[in-house]
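>>> Here is a sequence together with a model predicted from it:
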Amino acid sequence: MSPEYLLTDLQWRDNIQSPVFQANLVALVIDEAHCVTKWGKAFRTEFANLGEVCSLVPEGVKVMSLTATATIKTRKAICKSVGLINPVIISESPHKPNIKYIVQVNPPPIEETFAPLIEEVRRYRQLTDRAIIFCRTYDSMTHIYLYFKNRLGKEILNPMSAPDMAQFRLIDMFSACTQPDVKEEIIRSFSIPNSQLRVVIATIAFGMGIDCSNVRRIMHWGASDDVEQYLQESGRAGRDHLLAHAILYHKVPDVVTRDLSEDMKEYCINKSVCRRTMLFKKFNGYTEHLYAGNELCQCCDICECVCMCAKCSF
């Protein structure tokens, strides 16, 4: 149930306050709780007012907030906004040892950057490794999708004789402006490991609720607004625990001019510190020993340069 329904729909407020509802309510659970601080400040202010819901439920009803990515600072903000007093906190680092982090500064043009993926789709078709390309703007998403579509032509469909409809596409795009029926088909198809859809080019609208176990690459064309958002999006890779890659392409002027968090700026311009450390240092539960025992070449592009494993020393 959305915060908008809970806080602005009079019928729902009446239902919550009805004797039957009050007598049978067991708990109030807020999923994706990081949205309380992220979205509440921007375009869905009801998220910032979820604490009001707590005042509508009977005293003694348990309240639980869940999120996969919250720094210590964000966690405190969630507790304050929702009205959690002396909460029991169960936390674990969002660190995933099977994701290799790579940053490419001032990448070549789209045509050159994504040419290898084009060839991969041509060669392997519906066996192509799953990938998501996150774009910061609708224009860049459309530009990249049209490049794929123009280069592949009928090869973007499977079979190639099929009509240009979502259920036959190997590559598709997803944004807030995508037609509802197409959105449903993309989400449905991408949630099935061996379905037709292999690559989704998307804005941040392709986010929560997407669960696909075999995504091998998350590619960001432009930096996320902050580290938490980047981990939310890159964390969609490697849910099958096999090696996956999170690749960030960004241009230096964009990092300087965009309103990015300081942590995200540091991650983008960093040239010497392990990228995993840069990403997870402000999350509870992460220490560098968590990656101990794994090959450094599979950690990040910086650690790869100093890896002395048998494969790298050969």
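Yes, it's here. Numbers count the residues shown, from 1 in each chain.

>>> what are the ranges of the strands in the stretch 101-250 of the chain?
Taking DSSP state E, counting those that start in this stretch as the criterion, the stretch 101-250 of the chain carries its strands at 130-135, 171-174, 199-202, 215-221, 244-250.

>>> Let me have these in CSV, adding distance to Ile144, mean pLDDT and mean neighbour count as columns.
Where C-beta positions appear, they are placed from N, C-alpha and C, glycine not excepted. Shown next, in CSV, are these (distance: least, Cβ to Cβ, whole Å; pLDDT from 0 to 100; neighbours: other Cβ atoms under 10 Å):
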stretch, distance to Ile144, mean pLDDT, mean neighbour count
strand 130-135, 6, 96, 24
strand 171-174, 8, 96, 24
strand 199-202, 5, 97, 26
strand 215-221, 7, 97, 22
strand 244-250, 11, 97, 23
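
>>> out of those, which comes closest to Asn24?
Closest to Asn24 of these is strand 171-174 (Cβ to Cβ; 38.1 Å).

>>> Look at the closest residue to Ala27 other than its chain neighbours and say how many residues are nearby.
Distances taken as Cβ to Cβ, 6 or more residues apart in numbering place Lys62 nearest to Ala27, at 4.4 Å, with adjacent residues excluded. Neighbour count for Lys62, taken as other Cβ atoms under 10 Å: 11.

>>> ok, now Arg188?
Arg188 is flanked by 13 other residues according to other Cβ under 10 Å.

>>> again, but for the one 4 residues further on
As a burial measure, Ile192 scores 10 neighbours (other Cβ under 10 Å).

>>> With Lys265 instead?
Neighbours of Lys265 under the rule other Cβ under 10 Å: 15.

>>> contacting residues for it?
Lys265 makes contact with Val255 under the criterion Cβ atoms under 8 Å, 6 or more residues apart in numbering.

>>> same deal with Thr74?
By Cβ under 8 Å, 6+ apart, the contact set of Thr74 is 34, 37, 228.

>>> With Pro193 as the reference, measure out to it.
32 Å (Cβ to Cβ, to the nearest Å).

>>> With Val29 instead?
Going from Val29 to Pro193 by Cβ to Cβ gives 28 Å.

>>> What residues does the residue lying closest to His34 once chain neighbours are set aside make contact with?
In space, and not counting its chain neighbours, His34 is closest to Thr67: 4.5 Å by Cβ to Cβ, 6+ apart. Counting by Cβ under 8 Å, 6+ apart, Thr67 touches 31-34, 78.

>>> what about 10 Å?
By Cβ atoms under 10 Å, 6 or more residues apart in numbering, the contact set of Thr67 is 30-37, 74-75, 78, 91, 94, 228, 232.

>>> ok, now Ser213?
130, 191, 193, 236, 238-242.

>>> sorry, back to before: what about the contacts of Thr67, which are in helices?
Using DSSP state H, the members of these that fall in helices are 35-37, 74-75, 78, 228, 232.

>>> min pLDDT across the contacts of Thr74, which one?
Ranked by pLDDT, the contacts of Thr74 bottom out at Thr37 (71).

>>> is it true that that residue touches Ile30?
No. Counting by Cβ atoms under 10 Å, Thr37 does not reach Ile30; the two are 11.9 Å apart.

>>> so what's in contact with these two at the same time?
47, 67, 78, 81.

>>> sec struct for the last one, please.
The three-state assignment at Ser81 reads helix, by DSSP: H, G, I helix; E, B strand; the rest coil.

>>> Got the confidence number for the residue lying closest to it once chain neighbours are set aside?
For Ser81, ignoring the flanking residues on the chain, the nearest one in space by Cβ to Cβ, 6+ apart is Val36 at 5.0 Å. If you check Val36, the pLDDT there is 73.

>>> then stretch 230-246 to CSV, C-alphas only?
Once non-C-alpha atoms are left out, stretch 230-246 reads as follows in CSV (Å, rounded to 0.1, in the frame of the first residue of the first chain):
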residue,chain,number,x,y,z
TYR,A,230,24.3,3.3,-6.7
LEU,A,231,24.3,0.2,-4.4
GLN,A,232,20.6,-0.3,-4.8
GLU,A,233,21.0,-0.3,-8.6
SER,A,234,24.3,-2.2,-8.9
GLY,A,235,23.1,-4.7,-6.3
ARG,A,236,20.7,-6.1,-8.9
ALA,A,237,23.7,-7.9,-10.4
GLY,A,238,24.9,-11.3,-9.2
ARG,A,239,22.0,-12.4,-7.1
ASP,A,240,22.9,-16.0,-8.1
HIS,A,241,26.2,-15.5,-6.3
LEU,A,242,28.2,-15.9,-9.5
LEU,A,243,30.7,-13.3,-10.7
ALA,A,244,29.1,-10.1,-11.9
HIS,A,245,30.3,-6.6,-12.9
ALA,A,246,29.1,-3.1,-11.9
